[in-house]
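Participant: below are the sequence and a predicted model for it; my questions follow.
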Amino acid sequence: MVGDDAESSKNNNGNKIGADSLFYIHASDYPKQMLVTDALTDINYVNWVQEMRNFLFAKNKIGFVDETIVKSTESSTNFMPWMRCDAMVKGWLMTAIEKDIRSSFKYANTVAEIWVDLEEMLGRESAPCAYELKQMLTNTSQDDASVSSYYIRMKALWDKIQTISLTPHCTCDIGKRLIESKENE
């Protein structure tokens with residue numbers, strides 16, 4: 001049926017790969033798609049990684065970056081579908097990274113290697129960013145804004161601090177303490 005072709009493709013052995021498969025690539029997917037609002041720079045890692053994770057989760061490809069989808073052996077029937085998906089996700093990441101940063105990853109073997117390297121290089125911004133957010137939170141006042149507008153501004157800052165405090169490379173507790181203090185109020 002026509003609908004079946006739209007919802008599945010075939011791997012090298014002629015087996016169908018359905019839309020729910022980890023190896024499924026939709027006909028509209030291509031490596032140079034821009035998937036995030038802003039390309040990754042040396043100052044927007046926390047926001048960028050959150051957007052990229054959401055996108056990859058929606059595309060059922062987050063396992064390629066966090067390595068929960070293990071690389072298939074060359075003799076496996078899933079080897080070529082795995083390689084094709086890894087190459088697609090690598091293309092998505094490279095397109096969403098600023099050119100100066102992207103050049104560091106041209107020769108990475110897998111998208112998971114790129115993901116780990118990005119976290120090591122740029123994830124360390126968390127402590128200074130948490131401090132800056134704490135300062136913004138401290139200096140935020142309601143002024144003439146409505147209570148709901150003021151709350152929305154404050155909640156956005158709390159959410160950012162929480163995201164940063166959950167980043168594995170964060171060496172400070174500022175974000176956690178701020179959140180705990182707000183929860184105890």
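Facilitator: Done, it's in. Residues are numbered from 1 along each chain as shown.
Participant: give me the element the residue of the chain most remote from its centre is part of.
Facilitator: Most distant residue from the mean C-alpha position of the chain: Asp144, 36.2 Å away (C-alpha atoms, centre = their mean). Per DSSP states H and E: Asp144 is located in neither a helix nor a strand.
Participant: before we move on, what about Met83?
Facilitator: Short version, using DSSP H and E: Met83 is in helix 79-95.
Participant: how much space separates the residue farthest from the centre of the chain from Ile101?
Facilitator: 41 Å (C-beta to C-beta, to the nearest Å). For glycine as for every other residue, the C-beta is placed from the backbone atoms N, C-alpha and C.
Participant: give me the contacts around the helix or strand following the helix holding Met83.
Facilitator: For helix 79-95, the following helix or strand on the C-terminal side (DSSP H and E) is helix 99-102. The contact list for helix 99-102 (C-beta atoms under 8 Å, 6 or more residues apart in numbering) reads Leu40, Thr41, Asp42, Met94, Leu118, Met121, Leu122.
Participant: tell me the two of the residues you listed that are most distant?
Facilitator: Greatest spatial distance in the contacts of helix 99-102: Asp42 and Met94, 16.3 Å, computed using C-beta to C-beta.
Participant: sorry, back to before: which other helices and strands does the helix holding Met83 contact?
Facilitator: If contacts are counted by 3 or more C-beta pairs under 8 Å, 6 or more residues apart in numbering; DSSP states H and E, helix 79-95 sits against helix 45-58, helix 62-66, helix 111-122.
Participant: let's see that with 10 Å instead.
Facilitator: strand 8-10, strand 16-18, helix 45-58, helix 62-66, helix 99-102, helix 111-122 (3 or more C-beta pairs under 10 Å, 6 or more residues apart in numbering; DSSP states H and E).
Participant: how far does it sit from its chain's centre?
Facilitator: 15 Å (C-alpha atoms, centre = their mean, to the nearest Å).
Participant: ok, now stretch 137-154?
Facilitator: The answer for stretch 137-154 is 29 Å, by C-alpha atoms, centre = their mean.
Participant: where are the low-confidence patches of the chain?
Facilitator: 1-15, 124-128, 163-185 (pLDDT under 70).
Participant: can you rerun that using 80?
Facilitator: 1-16, 30-35, 123-133, 159-185 (pLDDT under 80).
Participant: domains of it?
Facilitator: Domain ranges of the chain: 2-123, 125-184, per automatic domain parsing.
Participant: off-centre distance for the first one?
Facilitator: Averaging C-alpha positions (C-alpha atoms, centre = their mean) puts domain 2-123 10 Å from its chain's average.
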